[in-house]
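>>> coords please:
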Amino acid sequence: MPAFFLNTPRLLLAILVALLMVGCTEPVSMSNYEQIESGMTEARVYDILGEPDSADSIDLGGFSGTLATWESRDAVITIQIFNGEVWGKQYATKQATN
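Numbering: from 1, shown residues only. Okay, here's the model as predicted:
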């Protein structure tokens, strides 16, 4: 049997593992944070970061606001949304606890 056929399962396994790792990226990252821009829609933010870990919203006489937070083990991203668009954003690293 040719050597190619003997190595095919290993090659396929390596490709599968690589694809799974690409699909499992951490949404709370500096690179994702940098993609968020003022005026961006709330839906686009959720496309980039996924659903927030927490969100507090308020509606007052035709105005709406949301403070949404995404957390990982190492960092927190907070986005302020006003009338469906990004108004402000923060990225903070968490302090290591001993």
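
>>> which stretches of this structure form strands?
In the chain, the strands defined using DSSP state E lie at 54-60, 63-71, 75-82, 85-93.

>>> Show me the shaky parts of this protein.
1-25, 96-98 (pLDDT under 70).

>>> Thought Lys94 was touching Arg73, still the case?
Yes. In terms of CB atoms under 8 Å, Arg73 counts as a neighbour of Lys94; the distance is 7.4 Å. C-beta here means a position set from N, CA and C on the backbone, and glycine is covered the same way.

>>> how near is Pro27 to Asn83?
Counting by CB to CB, to the nearest Å, the gap from Pro27 to Asn83 is 24 Å.

>>> which one of the two has more residues nearby?
Pro27 (14 against 11; other CB atoms under 10 Å).

>>> contacting residues for the more buried one?
Listed by CB atoms under 8 Å, 6 or more residues apart in numbering, the contact set of Pro27 reads Ile48, Leu49, Gly50, Trp70, Ser72.

>>> Quickly note the distance from it to Gly50.
5 Å.

>>> Stretch 28-39 spans what distance, first to last residue?
Terminal residues of stretch 28-39 are spaced 20 Å apart (CA to CA, to the nearest Å).

>>> so how far is that stretch off the chain centroid?
9 Å (CA atoms, centre = their mean, to the nearest Å).

>>> Flag every buried residue along that stretch.
Val28, Ser29, Asn32, Tyr33, Ile36 (16 or more other CB atoms under 10 Å).

>>> Counting only helices, which of the residues you listed make the cut?
Counted as lying in helices by DSSP state H, out of those, are Asn32, Tyr33.

>>> Just grab the bridge partners of Leu60 for me.
Phe63 (DSSP bridges).

>>> okay, now it: neighbour count?
7.

>>> any idea how far Phe82 is from it?
11 Å.

>>> Equivalent analysis for Thr93, please.
Distance from Thr93 to Phe82, by CB to CB: 26 Å.
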